[in-house]
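Visitor: Fold the following, please.
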Amino acid sequence: MRMELFTVDGLPLIKKGDDLAAMICERTELEDHDAVVIASTIVAKAEGAMVLKSDVVPSERAINIAKRIGKDPALVQVVLDRSVEELVKYPLLLVENLNGHVSINAGIDDSNVEDNYFLELPHDPDGSAKAIGERIADRCGKDVSVIITDTNGRAFKIGQTGVAVGVYRMHPILDWRGENDLFGNELEITEEAVADEIASAANLLMGEAAGGNPVVIVRGFDLHTRDDVSVKEMYRPDNEDIIRKGLRCLRQSSD
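Guide: All right, here's what the predicted structure looks like:
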């Protein structure tokens, strides 16, 4: 088996309305069943998913949380506006955003964006991935998978890694249940988070800070499907999520 990853070079700074699919097709030779891995930052910029800081009026609640965690009250207000549940409020703000993704500050950032704005995650990452994939098919005639990524920290470990926040034409989970291991034992619980693994590998080439490469092509690891897919396939059901239950207990005892 062999898998190849390479960056799409020469992309300009992305602005609202830019055609990411056309930019990618113009700068690389795609093949059918490639996986096109795209940083959420440029997708959000192209879609205009930005909030002007001066337009944000922090509530008293946002101000109180901001004082406690040492953050900009305007940022806290935007996070609260884009969240359905706050799992941790101190010493950081860990929330579930409107799309079901759990992350610090709802994935909202003020780096790699103009000084006066907060940058959100794409509002519908699966929809964004589908639109880009379909546009690539129209523009350069290639049937590809698309993964939109963000960087997340991890419980119990230091450091961030790439994760999938939106997918197209690739199931985010590879289900090994029912298969046999090397000794003939049937696997009962093994479900591999392949979209996150690909996102993490691509993140090695994307880089961080000013030298990033926001689009990576993954070739040779073919998980392409014509099924309807969603990144939400990998979100653990609420009634099975013991970590979330524990955080809720801690939150209730501290409120």
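Visitor: Remind me what the strand or helix carrying Ile65 packs against, helices and strands.
Guide: Using DSSP states H and E, Ile65 sits in helix 60-69. Helices and strands touching helix 60-69, by 3 or more C-beta pairs under 8 Å, 6 or more residues apart in numbering; DSSP states H and E, are helix 73-81. C-betas here are computed from N, CA, C, even on glycine.
Visitor: Leu174 and Glu191 touch, don't they?
Guide: Yes - counting by C-beta atoms under 8 Å, Glu191 is a contact partner of Leu174 at 7.2 Å.
Visitor: Doesn't Asn239 belong to a helix?
Guide: Yes - according to DSSP: H, G, I helix; E, B strand; the rest coil, Asn239 belongs to a helix.
Visitor: Mind pulling the model confidence for it?
Guide: At Asn239, the model reports a pLDDT of 92.
Visitor: Count the neighbours of it for me.
Guide: 8 (other C-beta atoms under 10 Å).
Visitor: repeat for the one 5 residues further on
Guide: Number of residues near Arg244 (other C-beta under 10 Å) recorded here: 16.
Visitor: show me where the protein has helices.
Guide: Secondary structure of the chain by DSSP state H: the helices cover 20-27, 40-47, 60-69, 73-81, 125-140, 194-206, 242-254.
Visitor: Against Glu47, how distant is Asn116?
Guide: As judged by C-beta to C-beta, to the nearest Å, Asn116 and Glu47 stand 18 Å apart.
Visitor: how much space is there between Trp176 and Asp227?
Guide: 18 Å.
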